[in-house]
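1. Turn this into a model:
(2 chains)
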Amino acid sequence: MRQDLVPLIVKQIHELNGQHGVKVPADLSSDTPLFGREGILESLGLVSLVVSVEQAIEDEFGVSISLADDRALAQTKSPYRTVASLAEYAGHLIQQVEGQHG
Amino acid sequence: MYIDFMLNAFAVSRMKAALVWQDQVFSYGWMLEAVQRWKQHLMKEAICSGSVVSLEADFSPNAIALMLALVDHGCIIVPLTSSVETKKPEFREIAQVELVIEVSGSDRAHINNTHVIATHKLLLRLKEERSPGLILFSSGSTGNSKAAVHNFLPLLEKFKVARHSLRTLSFLLFDHIGGVNTLFYSLSNGGCIVTVRDRSPEVVCRAIETHKVQLLPTSPTFINLLLLSEAYQRYDLTSLELVTYGTEVMPESTLRRFHGLFPHIRLLQTYGLSELGILRSKSKSSDSLWVKVGGEGVETRVVDGMLEIKSQSAMLGYLNAPSPLTADGWFMTGDAVEVDGGYMRILGRKSELINVGGEKVYPAEVESVLQWMEGVEEVAVNAESNPITGQIVMAKLKLSTGENGQQFKKRMWMFCHDKLPIFKIPQKVMLVTEAMHGERFKKIRK
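-> The predicted model follows:
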């Protein structure tokens, strides 16, 4: 079953508040734009969030994934558009890894 | 023949202490006789001048006497220490070692013929010129170890000028350019070398106290460990007059902390490379990272922010890599520097430069700030590739606080945000429990 990773990502965004140029809006939700048009993150904030989310996923699920590699950048729709799109992409990668391990 | 200037000086100072080994004193008289004895032994064994000889040892009476006898005999010496134990077979092969001399922990020497015949053109050149040689392996912290071949004669030149000598702890290893330099400098000037069985802060401090050591040539990593261990509180270090540091970039925080604790100890930055030998240097002051580098027979220039050096004592070339010297003899050090008047400040290796979305970050400046934080024992900063910004800054840390990564990251941000531009604050943090330095007390970044 695919995990709902939105709460995990929202938590990491809150952790980053005030750091790496990140300003968290009051109405942070799954639809909040992350990077790109109206995004709340600049490149350094995005990099930091991605690293934090990878770490949190490893801590919570014991699965090591890379949310920033060529594959992520090659997606026709960027996984970094919104909280929801990042959650979906991460969930997809976790499923793939878990699938490989049977 | 080649070291007559040293042997003559030994004869004059017969009664003076040349070496302290395992808390025993060896005089210049003893050293003179030991060198003569080894020279005769080399003759008796019909060892040709020009032979490539690995001298596998640490600082000990016979290892030192053998080193001198081999130089005088015109041999090409490859010093190797136990810090490269696993690499010894590979290094012997690269250096085309013809004769292995192992000096055991109890100071007994064993000579073995390898039945190899050296054919490398740089080695043949030394043999033809009948010049003694020295082969030094670079640490290989950024790739494969390179074997730098020196003609020993230009290296000896600078020791012919009489200078003041202090009681010196042999901290840098026997197979390191700094260790070789310490040895020849001290013996040429009637100084005394104090050896240690290991290089932990406790053992080093005890040796300083017991043998009234005046000069400690060391590395920034060791100074940091010394501060952490607080070993200096348990021993009397008042004999110490001078601490020299080199081999890696000194974090400003470490320098300032040490100077604050020991304002009477002079701090001098040294600059040397396996490829060039140790250059003469002068720090602007004990708490300054600005340094003048040069001396006789040495020219320096900065091209595109990178230091280049032309030295009469430069190596002939590498045995296992193309020569890095330009046609007119300039060596590109790979060190990025800032220049102010006659002084320069070393920023770091260009190869270690981190590029975060086009912004440059030198690991040392980030490490220096992180080292000020409470509970940070050791830190190494390096690049991690990241497709979003090209690279990101990753800090590997050993903490004494028991924090997890997330807790530390928050505290790190609070601490760093007004000390470093945002892009220099590590985007990634990795906590480790093991020590982060090698036997040479040099930071392991990877």
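
2. give me every residue that touches the residue of the stretch 201-350 of chain B found nearest chain A.
-> Residue of the stretch 201-350 of chain B nearest chain A, by CB to the nearest CB: B:Gly348 (21.1 Å). Backbone N, C-alpha and C define where each C-beta goes, glycine included. For B:Gly348, the contact set (CB atoms under 8 Å, 6 or more residues apart in numbering or on different chains) comprises B:Val249, B:Asp335, B:Ala336, B:Tyr362, B:Pro363, B:Ala364.

3. How much space separates the most centrally placed residue in chain A from A:Tyr80?
-> Taking CA atoms, centre = their mean, the centroid of chain A lies closest to A:Leu86, which sits 4.3 Å from it. Distance from A:Leu86 to A:Tyr80, counting by CB to CB, to the nearest Å: 6 Å.

4. shared neighbours of the two, which are they?
-> A:Leu34.

5. interface residues of chain A facing chain B?
-> Selection of chain A residues close to chain B by CB under 8 Å from any CB of the partner chain yields A:15, A:18-21, A:43-44, A:46-48, A:50-52, A:55, A:68-70, A:72-73.

6. Filter the residues you listed down to the buried ones and hand me the ChimeraX line.
-> Selection of buried members from the residues of chain A next to chain B for ChimeraX, criterion 16 or more other CB atoms under 10 Å in any protein chain shown:
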select /A:15,19,20,43,44,46,47,48,50,51,52,55,68,72
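
7. hmm, back to that, rebuild the contacts of B:Gly348 as a markdown table, extending it with neighbour count, distance to chain A and pLDDT.
-> Listed next are those as a markdown table, based on neighbours: other CB atoms under 10 Å in any protein chain shown; distance: CB to the nearest CB, whole Å; pLDDT from 0 to 100:
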| residue | neighbour count | distance to chain A | pLDDT |
| --- | --- | --- | --- |
| B:Val249 | 25 | 24 | 86 |
| B:Asp335 | 21 | 28 | 92 |
| B:Ala336 | 22 | 23 | 93 |
| B:Tyr362 | 20 | 18 | 91 |
| B:Pro363 | 26 | 18 | 92 |
| B:Ala364 | 21 | 21 | 90 |
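
8. Can you add secondary structure and give those residues back as JSON lines?
-> Below are the contacts of B:Gly348 laid out as JSON lines (DSSP: H, G, I helix; E, B strand; the rest coil):
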{"residue": "B:Val249", "secondary structure": "coil"}
{"residue": "B:Asp335", "secondary structure": "strand"}
{"residue": "B:Ala336", "secondary structure": "strand"}
{"residue": "B:Tyr362", "secondary structure": "coil"}
{"residue": "B:Pro363", "secondary structure": "helix"}
{"residue": "B:Ala364", "secondary structure": "helix"}
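
9. Narrow the residues of chain A next to chain B to those in helices?
-> A:15, A:43-44, A:46-48, A:50-52, A:55, A:70, A:72-73 (DSSP state H).

10. can you name the two of those residues that are farthest apart?
-> Using CB to CB, these span at most 27.0 Å, a distance reached by A:Glu15 and A:Asp70.

11. contacting residues for residue 25?
-> Picked chain A for this. Per CB under 8 Å, 6+ apart, neighbours of A:Pro25: A:Thr32, A:Ile40.

12. Correction: the question concerned chain B.
-> By CB under 8 Å, 6+ apart, the residues touching B:Val25 are B:Ala17, B:Leu19.

13. So it: helix, strand or coil?
-> The three-state label given to B:Val25 by three-state DSSP is strand.
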